[in-house]
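> Okay, predicted coordinates and the sequence, questions at the end:
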Amino acid sequence: MSVPLQRGAHDLDLPDLSPATGVGVDVVGISAFAAQLGAPGTRFAAVFTPGERRTATSRPHPDASLAARWAAKEAVVKAWSASRFGRADVIGRDHLDWREIEVRSDALGRVAIRLHGAVADALTGHEVLVSLSHDAEADVACAYAVLIPRRPTTEETTA
């Protein structure tokens, strides 16, 4: 369900967040994260998709971009975990393939989460709304994620 919002001459079709099943927030120190990225044998070598790495290297501050993407992945896991309060995890953190939570950007730099594999299977019927922010001078990147029931696509509603 969407909530129409009037703003000037435009109608904004915003998602109804009242059925949110989980919320997650994460903050990452950019310089500390960059140091970990450059360390030999780092666990961060295998957490980003090729597309995420390409996007980051095309930006003025690649380390900040990757730090924000890492914060987004962590925020998604926290939202998912919050939705499972009192129940066992579907995928243990040690078995999670972080590349299955992909942060994608459109031509205007807006981000969205695309889920793959076991994570997508576990979250069938849900979508993740995400917002990222990073500031190289402040040395911080953060992300906020909300897990909501999946909204029907335009094609589904007009069929």
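That came in fine, so what should we check first? If you're wondering where the values come from, they're calculated on a predicted model, not measured in any experiment. Numbers count the residues shown, from 1 in each chain.
> how about the helices in this protein?
Ranges of helices within the chain are 30-38, 50-57, 62-83, 117-122, 154-158, based on DSSP state H.
> check contacts around the nearest residue to L37 once chain neighbours are set aside.
Distances taken as CB to CB, 6 or more residues apart in numbering put F44 closest to L37, at 5.2 Å, once the chain neighbours are dropped. Bear in mind the C-beta positions are built from the backbone N, C-alpha and C, glycine included. Listed by CB atoms under 8 Å, 6 or more residues apart in numbering, the contact set of F44 reads 33, 36-37, 70.
> need the helices of the chain in CSV with mean pLDDT and mean neighbour count, can you?
CSV is the format used below for the helices of the chain (pLDDT from 0 to 100; neighbours: other CB atoms under 10 Å):
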stretch, mean pLDDT, mean neighbour count
helix 30-38, 93, 16
helix 50-57, 95, 15
helix 62-83, 92, 23
helix 117-122, 92, 15
helix 154-158, 62, 8
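> Export those to a markdown table and append columns for distance to V103.
Converted to a markdown table, those look like this (distance: least, CB to CB, whole Å):
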| stretch | distance to V103 |
| --- | --- |
| helix 30-38 | 15 |
| helix 50-57 | 6 |
| helix 62-83 | 4 |
| helix 117-122 | 13 |
| helix 154-158 | 23 |
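> circling back to that earlier point, roughly how far apart are the residue nearest to L37 and R110?
Taking CB to CB, to the nearest Å as the measure, F44 falls 24 Å from R110.
> E137 now?
Distance, E137 to R110, using CB to CB: 23 Å.
> How confident was the prediction at the closest residue to L115 other than its chain neighbours?
Sequence neighbours aside, L123 is the residue nearest to L115 in space, at 5.8 Å (criterion: CB to CB, 6+ apart). Reported pLDDT at L123 in the predicted model: 89.
> residues in contact with L123?
Neighbour list for L123: 80, 115, 147 [criterion: CB under 8 Å, 6+ apart].
> let's see it at 10 Å
Shown in contact with L123 (CB atoms under 10 Å, 6 or more residues apart in numbering): 21-22, 76, 79-80, 83, 90, 100-101, 113, 115, 147, 150.
> which two in these are spaced the farthest apart?
T21 and E100 (18.9 Å; CB to CB).
> For the residue lying closest to A118 once chain neighbours are set aside, list the residues it contacts.
Nearest in space to A118, with sequence neighbours left out and distances taken as CB to CB, 6+ apart, is I91 at 5.7 Å. Neighbour list for I91: 77, 80, 97, 100, 117-119, 121-122 [criterion: CB under 10 Å, 6+ apart].
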